[in-house]
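>>> 3D, please:
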Amino acid sequence: MIKKDYRSALKYVRHGITNYTILHKTNTAPYIASKNEGVMWLLDIDINSLSELTESLLDCYRGLNDYQSFEYDLERLRGNVSDVRWQRKITYFQVIASLGDNWSEKVGKREVKKLMPLDEENDADIIQLYLHFCSDDLPFKRNLDILDRLISLIEKPSEKLQYTVVKAIKYLCIGDEPESEKLIEQAINDYELTDWSNDNSYGRMQHARAISLLADLQYSAKLKVKSIQEFESLLESHSWTDSGIADIHFEIGKSLFHIKKFEEAIEQYRKSLSIQNSEIVKVFLSQAQIELNYEDAIYTIREVEDNLSGLSESEKLDYIFTYAAIGIAFKQKDMIEKFLGYLNETTVLAPVFEKQKSKLVSEISLLYKTGELEVKSNLLSTLKKLFGFTARYLILQPNIAGLGVNINKIVDDLSESNKKKQSDA
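Coordinates of the predicted model:
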């Protein structure tokens, strides 16, 4: 796989799966009925090992851009282990295959239903996948219960950091900033107690994002500068795909925006867009343009208006609030009217947004009647506080490719690391 010879790699992976399945059927399967503790331990190892091999199979087919053949192989693999956990793992991989490289929210929500119910689920990959697509649809308590279970199951410090911050976001969405801040601070401290500076790109990306969010909560320019430095250091790595590089420039832009370096933020957003087109990056670009009183903000947000399908549900909230702010700042009456329509169509909002909804509608109505500058100023202030809140921290895809990391470079780095350890021994 390092050499991108996926067809040859596919043969070796299939050979490995066949050999391991034979070992399972001859050494473990005949004794499962005994419920012997040692046999159950071996069964756990078999399921985990075959799951890792199937993950490698996915990597080969992803490299070949042939998800359909992967789905055919998965059906054949169902009979390899007679255990409900293996059956669910195969279904998990089938969902991943159906998503392909696009990870459509609509397809994901439909396909993930095949893994329900999750009440007794102890597979971290399955829980991560479920949260990625369904977290926003769950009640607060249910979200916390699932996140707590997931955090207790995962072992990688970077993933513990990621999902503890996601838990903190849930508190932020109900307006509990002190609890959110406490969780993020603790998560960062716990991660920094590990050998985090030598972690892979995925872990260091999570760390930089957590620092950035903590800076927002503490209104700390010092922490924002630290997050910018960490994001910039990530660009020095060759581990990133184009998508990953675009995401990092986007993150740097957001951090620069919050320390009021709007011109520099615009530059970073444009760098991101030059690498990969993204509607949410355009939304943030228009926010920076408002701050500099650039009427280009109108044209930028109208571009997004023509491609709303390119936004997730949470990103649409960022779009709606930004759309309103631009309409008010530049006296675009048609945009203000459309905003009210957008807001009324958005029926299910987190408590922190519901709290603002009626206030916004009331103040916009007052602005229509009086045209008072004070009302306009208050409205813009309220809307700007909501900028970037909804899409501030995303639950990422549970495979490293989803983050924009180049898998082959990661494998290469690990190989080099192993060689170094061997030479030091």
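>>> ok now do the closest residue to residue 64 other than its chain neighbours, which residues does it touch?
Once flanking residues are discounted, residue 64 sits nearest to residue 6: 4.9 Å by CB to CB, 6 or more residues apart in numbering. C-beta here means a position set from N, CA and C on the backbone, and glycine is covered the same way. Listed by CB atoms under 8 Å, 6 or more residues apart in numbering, the contact set of residue 6 reads 60-61, 63-64.
>>> Residue 6 and residue 50: what is the separation?
Distance of residue 6 to residue 50, computed by CB to CB, to the nearest Å: 20 Å.
>>> out of everything not next to it in sequence, what's closest to residue 266?
Spatial nearest neighbour of residue 266, chain neighbours left out: residue 288 (4.9 Å); criterion: CB to CB, 6+ apart.
>>> ok, that neighbour - how many residues close by?
For residue 288, the tally of surrounding residues (other CB atoms under 10 Å) stands at 26.
>>> which SS state does it fall under?
helix (DSSP: H, G, I helix; E, B strand; the rest coil).
>>> you'd agree it is up against residue 268?
No - assessed by CB atoms under 8 Å, residue 288 is found out of contact with residue 268, at 9.3 Å.
>>> list residues touching both of the two?
With CB under 8 Å, 6+ apart, residue 288 and residue 268 have common neighbours residue 253.
>>> downstream neighbour of the lengthiest helix in the chain in the secondary structure list?
Using DSSP state H to define each element, the chain has its longest helix at helix 37-64. Following helix 37-64 in sequence order, the next helix or strand is helix 67-77 (DSSP states H and E).
>>> From the contacts of residue 6, which one has the minimum pLDDT?
Of all these, residue 63 has the smallest pLDDT value, namely 89.
>>> wait, isn't that residue in contact with residue 1?
Yes - between residue 63 and residue 1 a contact is recorded at 7.0 Å, counting by CB under 8 Å.
>>> anything in contact with each of these two?
residue 9.
>>> Quick check: residue 279 vs residue 310, distance?
Taking CB to CB as the measure, residue 279 falls 4 Å from residue 310.
>>> correction: residue 11
As judged by CB to CB, residue 11 and residue 310 stand 39 Å apart.
>>> Settle it for me: which of those two has more neighbours?
residue 310 (14 against 11).
>>> OK, contacts around the more buried one?
278-280, 304.
>>> do the same with residue 194
Residue 194 neighbours (CB under 8 Å, 6+ apart): residue 157.
>>> Which of the three states applies to it?
Under three-state DSSP, residue 194 falls in the coil class.
>>> Ok, residue 331 next?
coil.
>>> So what does it have for phi and psi?
phi 50, psi 50 (degrees, to the nearest 10).
>>> burial measure for it, as a count.
10.
>>> What of residue 302?
Neighbour tally, residue 302, other CB under 10 Å: 15.
>>> Over to residue 27?
By the measure other CB under 10 Å, the count of residues near residue 27 is 12.
>>> What of the one 5 residues further on?
Around residue 32 there are 17 other residues, counting by other CB under 10 Å.
>>> Settle this for me: it is touching residue 42, isn't it.
No - contact between residue 32 and residue 42 fails when scored by CB under 8 Å: they sit 9.1 Å apart.
>>> Contacts only, for residue 334.
Applying CB under 8 Å, 6+ apart, the residues near residue 334 are residue 327.
>>> for residue 249, same thing?
268-269, 271-272, 275.
>>> Now intersect the residues you listed with the helices, please.
268-269, 271-272, 275.
>>> ok, of the residues you listed, which one's closest to residue 27?
Of all the ones in helices among the contacts of residue 249, residue 27 sits closest to residue 275, with 50.1 Å by CB to CB.
>>> Against residue 277, how distant is the closest residue to that closest one other than its chain neighbours?
On the basis of CB to CB, 6+ apart, the spatially nearest residue to residue 275 that is not a chain neighbour turns out to be residue 246, at 4.1 Å. Residue 246 sits 9 Å away from residue 277, going by CB to CB.
>>> neighbour count winner among these two?
It is residue 246, of residue 246 and residue 277, that has more neighbours when counted by other CB under 10 Å, with 21 against 12.
>>> mind checking which helix or strand the more buried one is in?
In this structure, residue 246 sits in helix 242-258 according to DSSP H and E.
>>> okay, that helix in PDB with CA atoms only?
Taking C-alpha atoms only, helix 242-258 is exported to PDB below (Å, rounded to 0.1, in the frame of the first residue of the first chain):
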ATOM      1  CA  ASP A 242      -5.500  18.400  -0.600                       C
ATOM      2  CA  SER A 243      -8.700  18.200   1.400                       C
ATOM      3  CA  GLY A 244      -6.800  18.100   4.700                       C
ATOM      4  CA  ILE A 245      -4.600  21.100   3.700                       C
ATOM      5  CA  ALA A 246      -7.800  23.100   2.700                       C
ATOM      6  CA  ASP A 247      -9.300  22.300   6.200                       C
ATOM      7  CA  ILE A 248      -6.200  23.500   8.000                       C
ATOM      8  CA  HIS A 249      -6.200  26.900   6.100                       C
ATOM      9  CA  PHE A 250      -9.900  27.100   7.000                       C
ATOM     10  CA  GLU A 251      -9.100  26.500  10.700                       C
ATOM     11  CA  ILE A 252      -6.300  29.100  10.600                       C
ATOM     12  CA  GLY A 253      -8.800  31.600   9.000                       C
ATOM     13  CA  LYS A 254     -11.300  31.000  11.800                       C
ATOM     14  CA  SER A 255      -8.700  31.600  14.500                       C
ATOM     15  CA  LEU A 256      -7.400  34.800  12.800                       C
ATOM     16  CA  PHE A 257     -11.100  36.000  12.600                       C
ATOM     17  CA  HIS A 258     -11.500  35.700  16.300                       C
END
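>>> buried set for that helix?
For helix 242-258, the neighbour count (16 or more other CB atoms under 10 Å) marks 243-258 as buried.
>>> that older thread, return the residues in contact with the residue nearest to residue 275.
271-273, 275-276, 278, 281, 404.
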